[in-house]
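S.K.: What follows is a predicted structure for the sequence shown.
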Amino acid sequence: MIDSVKVKDIIKSMGVDLCGIASVERFKEAPEGFRPTDIYKDCKAVVVFAKKLPSGSLFASSSVPYTLVNSYFANEIDKLGIRLSLKLEKLGVRAVPIPSDDPYEHWEPQRSYGQGDTLAAPCWLSCWSGGTWQKHTFNE
């Protein structure tokens with residue numbers, strides 16, 4: 001059995017700056033196609049985490065610094081998500097990693113616009129099956 005405190009301890013030990021966990025119920029009002037259960041039907045909880053990026057990249061007059069930083073951190077967050085999934089699976093928890101940026105399934109060709117299939121983008125999400133969220137426990 002693993003609880004939300006243990007999950008947060010694991011991911012924080014991996015170097016993230018922020019971490020939160022929410023019951024899948026928090027997403028029930030999300031539009032169809034953007035709910036965690038649309039990605040994994042047995043999802044019970046979602047973990048979101050983030051890393052701070054250099055704020056100077058946001059103030060540059062060119063978009064080049066931000067693009068560089070965004071690409072670097074999107075890749076790093078995705079790697080962290082996969083590593084977290086593997087650690088959780090060793091503990092008997094099924095975790096489904098979701099990319100922080102692309103690929104994505106939602107595409108609006110008239111706007112040349114796409115977005116991830118979660119409301120928490122650009123953060124990484126993991127859907128867990130099993131356990132009882134009200135008791136903050138996770139097990140298969």
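M.R.: Here it is on my side, so go on. Numbers count the residues shown, from 1 in each chain.
S.K.: mind listing the strands for this structure?
M.R.: Counting by DSSP state E, the chain forms strands over residues 2-3, 18-23, 45-50, 95-98, 106-108, 113-115, 124-128, 137-138, given from the N-terminal end onward.
S.K.: Tell me which other helices or strands the first one touches.
M.R.: Meaning strand 2-3. Using 3 or more CB pairs under 8 Å, 6 or more residues apart in numbering; DSSP states H and E as the contact criterion, the secondary-structure elements in contact with strand 2-3 are strand 137-138. C-beta: built from backbone N, CA, C; applies to glycine.
S.K.: Quick check: mean pLDDT of the strand it packs on?
M.R.: The average pLDDT for strand 137-138 rounds to 40.
S.K.: From residue 8, how far out is the closest residue to residue 50 other than its chain neighbours?
M.R.: Distances taken as CB to CB, 6 or more residues apart in numbering place residue 18 nearest to residue 50, at 4.4 Å, with adjacent residues excluded. Distance, residue 18 to residue 8, using CB to CB, to the nearest Å: 10 Å.
S.K.: which residue ranges form the helices in this protein?
M.R.: 4-13, 36-39, 56-59, 64-90 (DSSP state H).
S.K.: Tell me which of these sits most buried.
M.R.: Of all the helices of the chain, helix 36-39 has the most neighbours on average by mean count of other CB atoms under 10 Å, namely a mean of 19.
S.K.: and that helix, C-alpha only, in CSV?
M.R.: Extracted as CSV, the C-alpha positions of helix 36-39 are listed here (Å, rounded to 0.1, in the frame of the first residue of the first chain):
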residue,chain,number,x,y,z
PRO,A,36,-8.1,11.6,-17.0
THR,A,37,-10.6,8.7,-17.4
ASP,A,38,-10.7,9.5,-21.1
ILE,A,39,-7.0,8.4,-21.2
